[in-house]
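**Student:** With the sequence up front, the predicted model follows.
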Amino acid sequence: MYSKLLLPLLFAVLFLTGCESKSGAGEPATDAATTQPATDSAVAPDVEWPQHGLNPAETRFSTLQDVNSSNVASLGLDWHFDYPTSRGMEATPLVVDGVIYTTASWSMVFAHDARNGELLWLHDPQVPREWAVHLCCDVVNRGVAFADGKVISGTLDGRLIALDAASGKLLWEVQTTDRSRPYSITGAPRIVKGRAIIGNGGSELGVRGYVSAYDLDSGKLAWRFHTVPGNPEAGFENEAMQAAAATWSGGPWWEIGGGGTVWDSMAYDPELDLLYIGVGNGAPWNRQIRSPGGGDNLYLSSIVALNPDDGSYVWHYQATPGDSWDYTATQHMILADIEFDGRQRKVIMQAPKNGFFYVLDRSSGELLSAEPYAGVTWATHVDLETGRPVENPAARYEEGDTGLHLPGPIGGHNWHPMSYSPDTGLVYIPIQDVPYVFAEDTEFEYRPGYWNTGTDALPAALPDDPATKAAVLDLVKGAIVAWDPVAAEPRWEVQHVGPWNGGMLSTAGNLLFQGNSEGHFVAYRADSGDELWRFDAQTGVVAAPVTYRLDGVQYVAVVAGWGGALALVGGEALKAGPIPNRSRLLVFRLGADEQLPATTVASLAFDPPELTASAEELLDGQRNYLAFCVFCHGDGAVSGGATPDLRAMTAATHARWDNIVRGGAHWQNGMVGFAGVLSEQQSENIRQYLIERARVARDSR
């Protein structure tokens, strides 16, 4: 079960702490207010965090208030655990029966004593490191599910695994995807009616999306719902796919896959017995290529309600018909019962990438409101009569590029979870404005297993001219928006230095917790946004926090570790500068005072060799860098800190360049060889482009 590299770590921890495996992890509670009997009547009962979003409604609001706005200033670090990984950390921990379960990069699963951090067990699923080439957004994982004494987790290479919660022993494993296609799993499973529900990722690389349900006891497939139609000549799986096919035209989209992956958000209403899934973008992004005859392309960029017994279609709402901008609707969905227009309504709320905040009746899919929560230029508004956006005609980039366009493909809100507080009536959204220039790739050619957006990335690259660059960067923002879903407007905002800040947790103690891209974990007043407490995490925090109570003590926990999509590709748009990755689990309580080890950050040294390329070769190098390298090493070769900055390559690395880039010499770090798509000359042109970038950086100091 354990990798050779991780065995010494495990044995060392077991030897030093004397910890033993827990026995008998219990059945999870269904809500934060559900408690376990206390052994001492004077001690407040234990409160767990048993599900990804805390409860089936995914509110991420805790009724705990031992830590509150009056005493949070005395919150301190109680313990921390350093993970043996150094890539993005996005997991929401679960806390069940005194054990905290979470995941690290490369799909590793960890179990700790939630009181003191002792490592109880770990499981390394041994994801092939070369599978990283099939990932859009870092080797991340957003957490596990728990039920019936089992911990359920997905892996980057498409497996679903069940582990014994007490020992970490592998109980069953199933391959949920076709390994000949570039599928991945980064999202957390959900448990509904004795089944583990899981989707997948990989749209922009060329796959067909679906969500599947597996029996918890055996791992047997119970049902599968595809989100986009396949080859019409092969027939359709159900009436929903036949109806969807009528909204695609021109084909053959099925050769690339069509996209529509269900890579993150889900929610479940046990009263209505409906499972809600968020559906992703098309493959390619550009509708002109995947569906040249137009059409809405169902069920891309939609919320779809399913019957959890058999996966059959119930209703859908499409936020972005005919999506051409990577406007996924896979962002966090929250269920709530609120008074809307004088009437109590069961609603589902979402802030998808496209910049509008949606409130729908979750029983029928009826649109109740849709207003912009972030910068929006692609549409003027959403028509409440038709439920459709009123588009800016230039947004389609059918005749030239779009100019600076909001939101960009990173979205007004990405995967980072929101939180809904019934106390304040507010939804807390980690928003961002990151403009982008969309342009058609007129020479598009499908490359299986690589990025296939159908867009030309060159117009979107950050310009070199200082004045123009400054003007563009001035538009880049990150913030917390406290959104009133009834009034359909923001109540207050907290501005951050830049984008890509962490997920949210709200509590009955009038508190709101969030980590950020500057490397801090912060507590705010939930009713006003006033900052009350701040902790230096020494690394960017993108994951969402949780809180729990054991033996009368309330804890707040968060997984820290810089990474993910914008952390890799953002370059100077990150604004907070390169942030190092230090992958950790941080756990806090009132009165604690543990200190993190002191750290130092080495400055980058730019000492490039001679530049020998022509202007034409440099342009070719830039184009191929944007096609193959930018997704991990940053716009303009400016690293966000989680991966090496290629402008600072040593002479030895330059000498081995082609062996690394085309030969795959660094495959163990996820850097596979690109000999199948890059010639030796193209590889050299990329190196020359990086030399030019290093010279610009050196000369600007």
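**Tutor:** All right, it came through fine.
**Student:** What is the burial count for the residue nearest to residue 200 when sequence neighbours are not counted?
**Tutor:** Excluding the flanking residues, the one nearest residue 200 by C-beta to C-beta, 6 or more residues apart in numbering is residue 183, at 4.9 Å. The C-beta positions use only the backbone N, C-alpha and C, and glycine is treated the same way. By the criterion of other C-beta atoms under 10 Å, residue 183 has 29 neighbours.
**Student:** residue ranges of the helices in the stretch 151-300 of the chain, please?
**Tutor:** 203-206, 239-245, 253-256, 287-290 (DSSP state H, counting those that start in this stretch).
**Student:** ok so, going back, and the residue nearest to residue 200, backbone torsions?
**Tutor:** phi -80, psi 160 (degrees, to the nearest 10).
**Student:** right, and it touches residue 202 too?
**Tutor:** Yes - contact criterion C-beta atoms under 8 Å: residue 183 and residue 202 qualify, at 4.7 Å.
**Student:** what touches both of those two?
**Tutor:** residue 134 (C-beta atoms under 8 Å, 6 or more residues apart in numbering).
**Student:** rewinding a little: who are the contact partners of the residue nearest to residue 200?
**Tutor:** 134, 158, 177, 200, 201, 202, 207.
**Student:** same deal with residue 612?
**Tutor:** residue 688.
**Student:** do residue 593 as well
**Tutor:** By C-beta under 8 Å, 6+ apart, the neighbours of residue 593 are 76, 77.
**Student:** could you measure it against residue 76, distance?
**Tutor:** Taking C-beta to C-beta, to the nearest Å as the measure, residue 593 and residue 76 are separated by 5 Å.
**Student:** for residue 445, same thing?
**Tutor:** Counting by C-beta to C-beta - residue 445 and residue 76 are separated by 56 Å.
**Student:** When those two are compared, which one has more neighbours?
**Tutor:** residue 76 (15 against 6).
**Student:** Could you say which helix or strand holds that one?
**Tutor:** strand 75-82 (DSSP states H and E).
**Student:** What residues sit buried inside that strand?
**Tutor:** Neighbour-count burial for strand 75-82, counted by 16 or more other C-beta atoms under 10 Å, picks out 75, 77, 78, 79, 80, 81.
**Student:** contacting residues for residue 94?
**Tutor:** Counting by C-beta under 8 Å, 6+ apart, residue 94 makes contact with 28, 49-52, 100-102, 143-146, 546.
**Student:** Which of those residues ranks first by neighbour count?
**Tutor:** residue 49 leads those on contacts (other C-beta under 10 Å) with 31 neighbours.
**Student:** So what does that residue look like in phi/psi?
**Tutor:** Phi and psi for residue 49, reported as degrees, to the nearest 10, are phi -130, psi 80.
**Student:** how close does it get to residue 98?
**Tutor:** 12 Å.
**Student:** hang on, the earlier thing: kindly indicate which of the contacts of residue 183 lies nearest residue 483.
**Tutor:** Taking C-beta to C-beta as the measure, residue 483 lies nearest residue 201 of these, at 26.9 Å.
**Student:** and that closest one, how many neighbours?
**Tutor:** When neighbours are counted by other C-beta under 10 Å, residue 201 comes out with 28.
**Student:** In this structure it contacts residue 185, no?
**Tutor:** Yes - between residue 201 and residue 185 there is a contact under C-beta under 8 Å: 6.8 Å.
**Student:** what residues do these two have in common as contacts?
**Tutor:** The contact lists of residue 201 and residue 185 share residue 263, where a contact means C-beta under 8 Å, 6+ apart.
**Student:** Low-confidence bits of this protein, can you list those?
**Tutor:** 1-41 (pLDDT under 70).
**Student:** so residue 257 makes contact with residue 203?
**Tutor:** Yes - with contacts counted by C-beta under 8 Å, residue 257 reaches residue 203, the gap being 7.4 Å.
**Student:** Comparing those two, which shows the higher neighbour count?
**Tutor:** residue 203 (34 against 28).
**Student:** and the gap between that one and residue 262?
**Tutor:** Distance check for residue 203 against residue 262: by C-beta to C-beta, it reads 10 Å.
**Student:** residues shared between the contacts of the two?
**Tutor:** 209, 280.
**Student:** Look at the residue nearest the centre of the chain and give its secondary structure.
**Tutor:** Using C-alpha atoms, centre = their mean, the residue of the chain that lies closest to the mean C-alpha position is residue 415, 4.0 Å off. In the three-state summary, residue 415 is assigned as coil, counting by DSSP: H, G, I helix; E, B strand; the rest coil.
**Student:** Hmm, it is touching residue 331, no?
**Tutor:** Yes - taking C-beta under 8 Å as the definition, residue 415 is a contact partner of residue 331 at 6.5 Å.
**Student:** Check the contact lists of these two and give me the overlap.
**Tutor:** With C-beta under 8 Å, 6+ apart as the test, residue 415 and residue 331 both reach 264, 265.
**Student:** can you pull the buried residues of the top helix by length along the chain?
**Tutor:** Identified as the longest helix of the chain according to DSSP state H is helix 680-699. Neighbour counts using 16+ other C-beta under 10 Å place 682-695, 697 of helix 680-699 among the buried residues.
**Student:** So residue 475 sits against residue 435, correct?
**Tutor:** Yes - with contacts counted by C-beta under 8 Å, residue 475 reaches residue 435, the gap being 5.2 Å.
**Student:** residues shared between the contacts of those two?
**Tutor:** Common neighbours of residue 475 and residue 435, using C-beta under 8 Å, 6+ apart, are 375, 404, 406.
**Student:** for residue 504, what are its contacts?
**Tutor:** Residue 504 touches 60, 416-419, 428-430, 480, 512-514, 544, counting by C-beta under 8 Å, 6+ apart.
**Student:** Repeat that for residue 218.
**Tutor:** Residue 218 neighbours (C-beta under 8 Å, 6+ apart): residue 172.
**Student:** mind checking how far it is from residue 196?
**Tutor:** Counting by C-beta to C-beta - residue 218 and residue 196 are separated by 11 Å.
**Student:** for residue 523, same thing?
**Tutor:** From residue 523 across to residue 196, the span is 34 Å (C-beta to C-beta).
**Student:** Could you list the buried residues of stretch 293-302?
**Tutor:** 295, 296, 297, 298, 299, 300, 301, 302.
**Student:** my read: the second one touches residue 321, true?
**Tutor:** I take that to be residue 296. Yes - if you go by C-beta under 8 Å, residue 296 and residue 321 touch, sitting 4.0 Å apart.
**Student:** all strands of the stretch 251-400 of the chain, in order?
**Tutor:** For the stretch 251-400 of the chain, the strands defined by DSSP state E, counting those that start in this stretch cover 258-259, 266-269, 274-278, 282-283, 302-306, 313-318, 333-340, 343-350, 356-361, 367-372, 379-382, 389-391.
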